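# model the structure of this input:
(one chain, ligands or ions: 1)
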Amino acid sequence: MADFKPRYTPGEVKEEEIVRIPDMKGNVKEVMEVEGMIVPVQAIKSGHIPDMRENVKKIRDMKCRDDDIFLCAYMRSGTHWVWEITNMLTTGKLEYLTRPKETAMMEFNYPEDFDKIPSRRTLNTHLPLRLLPKEVKEKKLKVIFVQRNPKDVVVSSYYFLQKSKMMPFQGTFEEFLMVFSTLGVMVNWFDYTLEAEEALKDKEIDMHLIYYEELKKNPVPAIKSLSEFLGTDCDDEYIAKVAEMCSFKGMKKANEDVKDIGDFKFEKALMQGHYRKGEIGDWKNMMTVAQSEQFDEVFSDRMKNSSFKFAFSK
Ligand code: A3P
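Here you go, the predicted model:
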């Protein structure tokens, strides 16, 4: 990171704001609480992303355009995939954008950085839904929520964060599973998902749900229904082409050949490793039976009142 200039003024963190969490090996993780999220101190101090303490306030008061779209998902749930699909629907062009998803990611930029993005903008975020701009409700802006089964999310996140400079995780999978089930990454998956479910029931938010597994198994109807929600009015032939271009293979290749990571070079390995396997049920290659059962226990307790349907295998 030393060879790459920070994009923003690095945030100052007072000693009393830091919470130190030791792991089983005696390593200590420094985090701090921001609006109920657990944010690594390094992310604030690095200057590579905006100071989250200031940015959550700016995001809340952000002036939105009437046709803005907000794409929300817990990390590693298929955000890049749906972002590219949405852009092809809104631009009406069968082209991958050269700029990466991170240029439209709310926690990686200040709202004013999005001024240069032409309409119709699809902004994306892993922030809890309560932190979306106030205008999302006021103007009834379109919100897409992507859901993926949490066992695949935890495995995908584990591999992904090993490559991260800003939020590295260097422990074992067993340790990560424990972190994921309790603190989570910035926010616990269960809290995030239940909050999103409430928002989905709340008719004040115009929200469309996409299941990763359904999109994978049957992309054309899932994309068609997204197109109808957005009012993009694309015909079946166009939608079939979008599905093909945004297949795992297509997107992995586009990530190598088309995307210009520009300002996000500080996470080069991360940006290059977005497309790992793109499968349903890969957790079975990673979790032991005991780990899976432990997770099931937490899952059935936390999600007992949820009406979300999760597909854990193909
Ligand atoms: P895996 O690590 O299981 O492969 P996000 O974009 O939210 O960070 O999610 C990343 C996950 O979505 C990764 O999962 C990635 O491979 C998968 N993914 C990305 N594009 C995909 C596509 N076109 N089809 C299926 N999965 C895709």
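
# am I right that residue 77 falls within a strand?
No: counting by DSSP: H, G, I helix; E, B strand; the rest coil, residue 77 is not found in a strand; it is coil.

# which residues touch it?
Residue 77 sits next to 146, 147, 148, 153, 212 when contact means C-beta atoms under 8 Å, 6 or more residues apart in numbering. All C-beta spots, glycine's among them, are computed from the backbone N, C-alpha and C.

# any idea how far the last one is from the ligand?
Think residue 212. According to C-beta to the nearest ligand atom, to the nearest Å, residue 212 stands 7 Å off from the ligand.

# which residue, other than its chain neighbours, is closest to that residue?
Distances taken as C-beta to C-beta, 6 or more residues apart in numbering put residue 148 closest to residue 212, at 3.7 Å, once the chain neighbours are dropped.

# checking residue 280 next. Helix, strand or coil?
Residue 280 ends up coil, using three-state DSSP.

# my read is that it contacts residue 213, right?
Yes: contact criterion C-beta atoms under 8 Å: residue 280 and residue 213 qualify, at 5.2 Å.

# next, give phi and psi for residue 51.
Dihedral pair for residue 51: phi -60, psi 110, per degrees, to the nearest 10.

# please enumerate the helices of the stretch 1-150 of the chain.
Remark: helices assigned in the stretch 1-150 of the chain by DSSP state H, counting those that start in this stretch are 41-45, 52-60, 79-91, 134-138, 150-162.

# pLDDT of the last one, averaged?
In this model, helix 150-162 has a mean pLDDT of 95.

# buried residues in that helix?
Buried residues in helix 150-162, counted by 16 or more other C-beta atoms under 10 Å: 150, 151, 152, 153, 154, 155, 156, 157, 158, 159, 160, 161.

# which strand residues bridge the residue lying closest to residue 38 once chain neighbours are set aside?
Counting by C-beta to C-beta, 6+ apart, residue 31 is the residue found nearest to residue 38 once chain neighbours are left out, at 5.0 Å. Taking DSSP bridges as the rule, residue 31 bridges to residue 19, residue 40.

# which pLDDT value goes with residue 31?
Among the per-residue scores, residue 31 holds a pLDDT of 92.

# and it, what is it in contact with?
Contacts of residue 31 (C-beta under 8 Å, 6+ apart): 18, 19, 21, 38, 39, 40, 41.

# rewinding a little: mark which of the contacts of residue 77 are part of strands, please.
Counted as lying in strands by DSSP state E, out of these, are 146, 147.

# among the contacts of residue 77, which pair sits farthest apart?
Spanning the widest gap among the contacts of residue 77 are 146 and 153, at 10.6 Å by C-beta to C-beta.

# so which bits of the stretch 151-300 of the chain are right by the ligand?
152, 156, 216, 246-248, 251, 274-278, 282 (C-beta under 6 Å from any ligand atom).

# try 8 Å
Residues of the stretch 151-300 of the chain lying near the ligand by C-beta under 8 Å from any ligand atom: 152, 155-156, 159-160, 212, 215-216, 246-252, 274-279, 282.

# check the stretch 1-150 of the chain too.
So the stretch 1-150 of the chain meets the ligand at 73-81, 83-84, 101, 126, 146, 148 (C-beta under 8 Å from any ligand atom).

# for the closest residue to residue 132 other than its chain neighbours, give its distance to the ligand.
Of all residues not flanking residue 132 in the chain, residue 70 sits nearest, at 6.0 Å (C-beta to C-beta, 6+ apart). Residue 70 sits 15 Å away from the ligand, going by C-beta to the nearest ligand atom.

# residue 70 contacts residue 143, doesn't it?
Yes: counting by C-beta under 8 Å, residue 143 is a contact partner of residue 70 at 4.7 Å.

# so what sits against both of the two?
132, 136.

# who touches stretch 244-254?
With C-beta under 8 Å, 6+ apart as the test, stretch 244-254 has contacts from 80, 81, 84, 85, 88, 94, 96, 219, 275, 278.

# nice, that's everything, thank you.
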